[in-house]
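Colleague: Below is the sequence, then the predicted model.
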Amino acid sequence: MPDRAPRFCPYCRKAYTGQRCPCRAEAQQQYDRDRGPDRQFYSKPRWRQFRKRFLAANPWCVFCLKDDGRQPTSLTPPSELHRGRAMVVDHIIPREERPDLAYTASNCRGLCVSCHNRRTRKQEQGVSDANK
């Protein structure tokens with residue numbers, strides 16, 4: 001079977017063979033080092049597996065459910081299904097404060113992207129999220 005033709009990297013403009021240009025691998029390693037251990041947490045296989053299982057068991061945003069008071073069913077129109085769908089696993093007590101609770105389901109809640117962004121913004125501003 002013939003070898004593939006070399007590809008040209010859009011970043012360094014050099015020809016390479018294989019899946020990825022070596023300059024991208026080096027850049028990814030540097031990026032990972034710059035991110036620090038806190039951000040690297042979310043790339044770990046253990047977290048990805050935990051997140052997948054958690055969202056399968058808790059598919060709806062806890063804040064949206066609390067506001068709406070109703071859980072989507074099989075009769076919910078498709079246009080409304082994205083609203084309230086949990087896409088983010090949020091730590092109730094931040095990992096920085098309690099790293100031992102990072103993989104504890106009782107310290108996590110499923111949030112939609114909108115509610116998570118709102119909570120993060122409030123947290124950065126120093127506002128408590130007791131109710132939201």
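Modeller: On my side now, so go ahead.
Colleague: contacts, neighbours, all on C-alpha from now
Modeller: Fine.
Colleague: which is the next helix or strand following the helix or strand bottoming out on mean pLDDT in the chain?
Modeller: Lowest on mean pLDDT, DSSP states H and E among the helices and strands of the chain sits helix 78-81, with a mean of 53. Per DSSP states H and E, helix 78-81 leads on to strand 88-91 as the next helix or strand towards the C-terminus.
Colleague: Tell me where the model's unsure across this structure.
Modeller: Scanning the chain with the threshold set as pLDDT under 70 gives 1-2, 67-83, 127-132.
Colleague: now do 50
Modeller: The chain contains residues with pLDDT under 50 at 1, 130-132.
Colleague: just so I have it, where are all the strands in it?
Modeller: Applying DSSP state E to the chain gives strands spanning 7-8, 15-16, 88-91, 108-111.
Colleague: Figure out how far the longest helix seen in the chain is from the centre of its chain.
Modeller: For the chain, the longest helix by residue count, based on DSSP state H, is helix 22-40. In terms of C-alpha atoms, centre = their mean, to the nearest Å, the centre of helix 22-40 is found 17 Å from the chain centre.
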